[in-house]
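Engineer: Please work out how this folds:
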Amino acid sequence: MKLIPNPHRGGAKLIGDIPFPSTDASRIAALLSLCPATAETPLTKATSLAPVAALWVKDERTRMNLGSFKALGAAYVIACHASDIAERPDMHSLRGRTYVTASAGNHGLSVAAGARMFGAGAVVYIAETVPESFANRLRAQNAQVVRAGADYAGSMEAASQAAHDNGWVLLSDSSWDGYVDLPYLLMEGYLQLAAEMVRQCPQMPTVILLQAGVGGLAGAVAAYARKAWGDVPRICVIEPTAAPALQSSIENGHPVFAAGPDSIMGRLDCKEPSLIALNGLARDADLFLSLDDPHVAAQLPKMAAAGFATTASGGAGLAAVMDDASRAALNIAEHDRVLCILTEQPA
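Structural biologist: Here you go, the predicted model:
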């Protein structure tokens, strides 16, 4: 476990030619309403899980029947593209277009579902280690599944090459130098979650815990929370000790590749940060905590018993307030009101 305060808080961009995350949620709900099963997810009180004044959990496990907050991202981008073409988008609006991505989890489902809704094709590259059960979930959304690469980086390289070779649209949930526009829009989709959360909270939280992989969700929610609640909440970013890409980048003042072993927090086990997210979190987050796998694993049965069954990735933020050592490191006290996000359903 390692905790660092953010020396860049409230400052200028860490990466000058990369934008901050969007905070404009004005058109998101209307566009997402074009997608089936659109509905607000609940904010649930869970104070019994930690010795704090209030503990609220934004529960994304039922989002759009895809089981994760990521349903808001790629599907939103594709809905935007459909609405740019047709006044009343339908299942034929994007016929002839193909979206391609790499995925080790829920992002691929959002790409596949969004493409299916508007008549586009979807090709999802997965690494050799991704379970066949996930491949079958993608196929159920009409995606073509291609196995390539020993890990996520290898499958992303293959997806990028396929986009170039075939004239397909590469739709990643991360951003890098020269690839900004679509991930910026994708992160904007996550603001639907943030806007709901702000409306649902009975009081302003004093602490917000945001688990992060490449940082897309954390960057979007932190930016919107600052817009809504100002400087009062302490925003804390939680990463696996095996993959502290954001923490290391903040500590070094520039993007860092954080090499390390595999983590049980598989969807957070990302070795490079999204540059848009990094810019936003450098401005908006107060603390960065890298959390050891056993600290998270120990809390999962307690979450399940309380009705919050999830994965290590989905519950990392909640685990940080439940675990005595990390709660002490973050200086979370009995008077604090804590807000967490449960980002995915159990595997």
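
Engineer: Touching, residue 76 and residue 33? I think so.
Structural biologist: No - the pair residue 76 and residue 33 fails to qualify as a contact (CB atoms under 8 Å) at a distance of 11.1 Å. The C-beta positions use only the backbone N, C-alpha and C, and glycine is treated the same way.

Engineer: Neighbour count for the two, which is higher?
Structural biologist: For residue 76 versus residue 33, neighbours defined as other CB atoms under 10 Å are more numerous around residue 76 (26 against 11).

Engineer: Could you report the pLDDT at the closest residue to that one other than its chain neighbours?
Structural biologist: Once flanking residues are discounted, residue 76 sits nearest to residue 189: 3.0 Å by CB to CB, 6 or more residues apart in numbering. According to the predicted model, the pLDDT of residue 189 comes to 94.

Engineer: which residues does residue 189 contact?
Structural biologist: Neighbouring residues of residue 189 by CB atoms under 8 Å, 6 or more residues apart in numbering: 28, 32, 72, 73, 74, 75, 76, 77.

Engineer: Need the pLDDT of the closest residue to residue 105 other than its chain neighbours.
Structural biologist: Distance criterion CB to CB, 6+ apart; nearest residue to residue 105, sequence neighbours excluded, is residue 267 at 4.8 Å. Note on residue 267: pLDDT of 87.

Engineer: for residue 159, same thing?
Structural biologist: Note for residue 159: predicted pLDDT of 95.

Engineer: do the one 10 residues further on as well
Structural biologist: pLDDT, residue 169: 97.

Engineer: what residues are up against it?
Structural biologist: For residue 169, the contacting residues are 97, 98, 99, 100, 163, 182, by CB under 8 Å, 6+ apart.

Engineer: What spatial separation is found between the residue of the chain positioned farthest from its centre and residue 93?
Structural biologist: Relative to the centre of the chain, and counting by CA atoms, centre = their mean, the farthest-placed residue is residue 87 at 29.7 Å. Applying CB to CB, to the nearest Å, one obtains 10 Å for the distance of residue 87 from residue 93.

Engineer: ok, which stretches of the stretch 101-250 of the chain are strands?
Structural biologist: Counting by DSSP state E, counting those that start in this stretch, the stretch 101-250 of the chain has strands at residues 121-126, 144-147, 169-170, 207-211, 234-240.

Engineer: between the ones you listed, which one is nearest to residue 339?
Structural biologist: Minimum separation from residue 339 across these (CB to CB) falls at strand 207-211, 4.8 Å.

Engineer: that older thread, distance of the residue nearest to residue 76 relative to residue 176?
Structural biologist: Plainly put, residue 189 is 19 Å away from residue 176 if you go by CB to CB.

Engineer: do residue 143 as well
Structural biologist: When CB to CB is the yardstick, residue 143 and residue 176 sit 24 Å from each other.

Engineer: which one of those two has more residues nearby?
Structural biologist: Shown here are residue 143 and residue 176; by other CB under 10 Å, residue 143 has more neighbours (25 against 16).

Engineer: Tell me who's in contact with the more buried one.
Structural biologist: If a contact means CB under 8 Å, 6+ apart, then residue 143 has 108, 111, 112, 115, 116, 122, 123, 124 as its contacts.

Engineer: where does this structure have its least confident helix or strand?
Structural biologist: helix 28-32 (a mean of 87; mean pLDDT, DSSP states H and E).

Engineer: tell me what that helix is packed against?
Structural biologist: When contacts are defined as 3 or more CB pairs under 8 Å, 6 or more residues apart in numbering; DSSP states H and E, helix 28-32 sits against helix 74-85, helix 181-189, helix 191-200.

Engineer: For the stretch 201-347 of the chain, which segments count as helices?
Structural biologist: Along the stretch 201-347 of the chain, the segments classed as helices by DSSP state H, counting those that start in this stretch run 216-229, 245-252, 275-284, 293-297, 300-305, 316-322, 324-329.

Engineer: In JSON lines: these, plus mean pLDDT, mean neighbour count and distance to residue 172.
Structural biologist: Written out in JSON lines, the entries for those read as follows (pLDDT from 0 to 100; neighbours: other CB atoms under 10 Å; distance: least, CB to CB, whole Å):
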{"stretch": "helix 216-229", "mean pLDDT": "98", "mean neighbour count": "25", "distance to residue 172": "10"}
{"stretch": "helix 245-252", "mean pLDDT": "97", "mean neighbour count": "23", "distance to residue 172": "15"}
{"stretch": "helix 275-284", "mean pLDDT": "98", "mean neighbour count": "27", "distance to residue 172": "11"}
{"stretch": "helix 293-297", "mean pLDDT": "97", "mean neighbour count": "18", "distance to residue 172": "26"}
{"stretch": "helix 300-305", "mean pLDDT": "97", "mean neighbour count": "15", "distance to residue 172": "29"}
{"stretch": "helix 316-322", "mean pLDDT": "98", "mean neighbour count": "29", "distance to residue 172": "22"}
{"stretch": "helix 324-329", "mean pLDDT": "96", "mean neighbour count": "16", "distance to residue 172": "30"}
